[in-house]
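the sequence isn't on hand, but the structure is:
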DNA sequence: TTCTACACTCGTACGATGTTCGCGTCAAGA
DNA sequence: TCTTGACGCGAACATCGTACGAGTGTAGAA
């Protein structure tokens, strides 16, 4: 319990109905006062808020219910189970991502458009701590996920990328976004409560460990220890490098001018 | 309980010490008969065996202990906690992967070598059901993980790929392998107990759903539904396509001949 | 050979988790 | 005012990871 109003405390203690007349609870079921009433959207919002402040692992049905001053069972009237709830959370984040994208401009270079989309998407994921973990093993085919896919396909096809490549690249870039953020968050989440400095020191220790390996068996690892570990710090550079690698790879499939020739599948 | 010997059953029931003299348990601590004695390696082996037969989520400390006819508490003498155990499992799989790789041959094309490594790695991951999920958010810097990194770096650097690119590509390909297998397994794991046909039907339904979308708002998704969903079935093709995209991207960074000039970092 | 002390095993318990069941309460209709 | 039906949600269940400490077999000392 933290700072909570009397009304919330009353509701949380199960006083609904026997609350004193000056309590909002006395005004009837729907008038449960400041806290938003239970609903699918409100539950998803609350879940996302908890992700932002306490991390994905802190999201439990009880913890969400607590946000409404009630018990976990109440949530099951609006959500089938935790898995479905996470589907909704993922789609809510996909909405943020798709909303962050500028409208498709066929005159721009498709590589730049795609890069920018991916950058913006990663930015949204980063804003929500480790929500990226929830994306793993989930098909983003909710309504907002589809908006994102549609936008990506528009860029790719207008850019002259063959359909069978374009059909795959959406998933590919999605996975890349998610992996990127998960990996970035790894260091921090592995040592909960660690400060930036702690993380930096941890990475220093790992680099020292790599350097200390027998250089006859691990010559390349020893030689590259600095580049491998330090690179993890300035994530943007790594991320941009991967992005550029992917774009160049895709570009090599680009049909410079659209001939009627089908590449088959 | 499945088919188990009398000795195991006795041990499982907590009869250690009061077992009848003809029971193997009576022969003393070390002689617990057929079942391997508790040890770090044996625990990791058991965990991996459960992953293979029942999936990653079925791996609990109790379930592993059951494999030895004992309780969960006994495992903590060999393993600090479940997280460390999973580190060991991951490294054990990394050992399999690294062992599956042929020795580096500088005369071969580095792209082909790298592709083959990745293919073999994915094959190992696939063999262990959804063990790939355990790789997520884990740095593969165990002894065997390092062997793998070393091998990849050797291929890349000998191939003339600049160091700062090579340092990143190892992680990149690792993520790609893991994401690939997780995505492939997604369909199956989402509907536990589903047969191949069930999965195929599920995917058909999704394709139908995509086709049924309003084509004014989702023109590209509707047009590409077939290519997007069906492509999920023959994973190898998608996987190979991604592999080729990555290789072409990396190749664009390749220095054709090694000049003394350092690319800096 | 007997006794002592140590190291290790593992039953039990604790606090979490997701989910289900059904009691009890509230608000609308008769 | 009384009845009725819907639904909120407290309590319970099965499962999880993990800590603790009593009990056990073994090895070394006497």
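Sure, I can see it. Quick caveat: nothing in here was measured; it's all calculated off a predicted structure.

looking at chain A, which helix or strand is least sure?
Lowest mean confidence among the helices and strands of chain A (mean pLDDT, DSSP states H and E): helix A:6-12, at a mean of 35.

would you map the strands across the stretch 151-265 of chain A?
Counting by DSSP state E, counting those that start in this stretch, the stretch 151-265 of chain A yields no residue ranges for strands.

which stretches of it have low pLDDT?
Scanning the stretch 151-265 of chain A for pLDDT under 70 picks out the ranges A:190-194, A:231-236, A:256-265.

just give the closest residue to residue A:102, not the sequence neighbours.
Counting by C-beta to C-beta, 6 or more residues apart in numbering or on different chains, residue A:102 lies nearest to residue A:116, which is 7.5 Å off, once chain neighbours are set aside. (Glycine included, C-beta is placed from N, CA and C.)

so which helix or strand takes in that neighbour?
helix A:110-127 (DSSP states H and E).

now that helix: buried residues?
A:110-111, A:113-118, A:120-122, A:124-126 (16 or more other C-beta atoms under 10 Å in any protein chain shown).

ok, now stretch A:188-204?
A:188-189, A:199, A:202.

kindly report the same for stretch A:57-75.
If you call a residue buried by 16+ other C-beta under 10 Å, then stretch A:57-75 has these buried ones: A:59, A:61, A:64-70, A:75.

what of stretch A:216-225?
For stretch A:216-225, by 16+ other C-beta under 10 Å, it's A:218, A:220-225.

mind putting those into TSV with distance to chain B?
As requested, the buried residues of stretch A:216-225 are exported to TSV (distance: C-beta to the nearest C-beta, whole Å):
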residue	distance to chain B
A:218	5
A:220	4
A:221	5
A:222	9
A:223	8
A:224	5
A:225	9
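
taking those residues one by one, which sit in helices?
Residues from these lying in helices, with DSSP state H as the criterion: A:220-225.

give me every residue in the stretch 51-200 of chain A lying close to chain B.
A:133, A:136-139, A:141, A:146, A:149-150, A:153-154, A:157, A:163-172, A:175-176, A:178-179, A:182-183, A:185-186, A:189-190 (C-beta under 8 Å from any C-beta of the partner chain).

return the member of the buried residues of stretch A:188-204 nearest to DNA strand C.
DNA strand C has its nearest neighbour among the buried residues of stretch A:188-204 in residue A:189, at 16.8 Å by C-beta to the nearest atom of the strand.

report the separation between the closest one and residue A:133.
For residue A:189, the distance to residue A:133 equals 9 Å [C-beta to C-beta, to the nearest Å].

give the residues shared as contacts by these two.
residue B:137 (C-beta atoms under 8 Å, 6 or more residues apart in numbering or on different chains).

picking that back up, now the buried residues of stretch A:188-204 in a markdown table, with distance to DNA strand D?
Putting these into a markdown table (distance: C-beta to the nearest atom of the strand, whole Å) gives the following:
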| residue | distance to DNA strand D |
| --- | --- |
| A:188 | 19 |
| A:189 | 15 |
| A:199 | 21 |
| A:202 | 20 |
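
my guess is residue A:77 meets residue A:38, correct?
Yes - Residue A:77 is in contact with residue A:38 according to C-beta atoms under 8 Å; the separation is 7.4 Å.

who has more neighbours, these two?
residue A:38 (16 against 10; other C-beta atoms under 10 Å in any protein chain shown).

name the SS class of the more buried one, please.
Following DSSP: H, G, I helix; E, B strand; the rest coil, the label given to residue A:38 is coil.

dump the residue contacts of it.
Per C-beta under 8 Å, 6+ apart, neighbours of residue A:38: A:68, A:70, A:74-75, A:77-78.

one more time with 7 Å, if that's ok
Neighbour list for residue A:38: A:68, A:74, A:78 [criterion: C-beta atoms under 7 Å, 6 or more residues apart in numbering or on different chains].

which residues does the second one contact?
Put plainly, it is residue A:74. Neighbouring residues of residue A:74 by C-beta under 7 Å, 6+ apart: A:38, A:65.

cutoff 10 Å now
Counting by C-beta atoms under 10 Å, 6 or more residues apart in numbering or on different chains, residue A:74 touches A:38, A:43, A:61, A:64-65, A:68.

any idea how far DNA strand C is from it?
If you measure residue A:74 against DNA strand C using C-beta to the nearest atom of the strand, to the nearest Å, the figure is 9 Å.

around the nearest residue in space to residue A:241 that is not next to it in sequence, how many other residues sit close by?
Nearest residue to residue A:241, sequence neighbours excluded (C-beta to C-beta, 6+ apart): residue B:168, at 5.5 Å. Per other C-beta under 10 Å, the neighbour tally for residue B:168 reads 22.

same question for residue A:49.
As a burial measure, residue A:49 scores 14 neighbours (other C-beta under 10 Å).

all helices of chain A, in order?
Under DSSP H, chain A gives helices at A:6-12, A:40-54, A:61-67, A:82-100, A:110-127, A:132-135, A:143-158, A:163-190, A:196-211, A:219-233, A:235-251.

closest to residue B:98 out of those?
Judged by C-beta to C-beta, the one of these that comes nearest to residue B:98 is helix A:219-233, at 12.9 Å.

how far is the closest one from where the chain is centred?
Relative to its chain's centre, helix A:219-233 lies at 28 Å (C-alpha atoms, centre = their mean, to the nearest Å).
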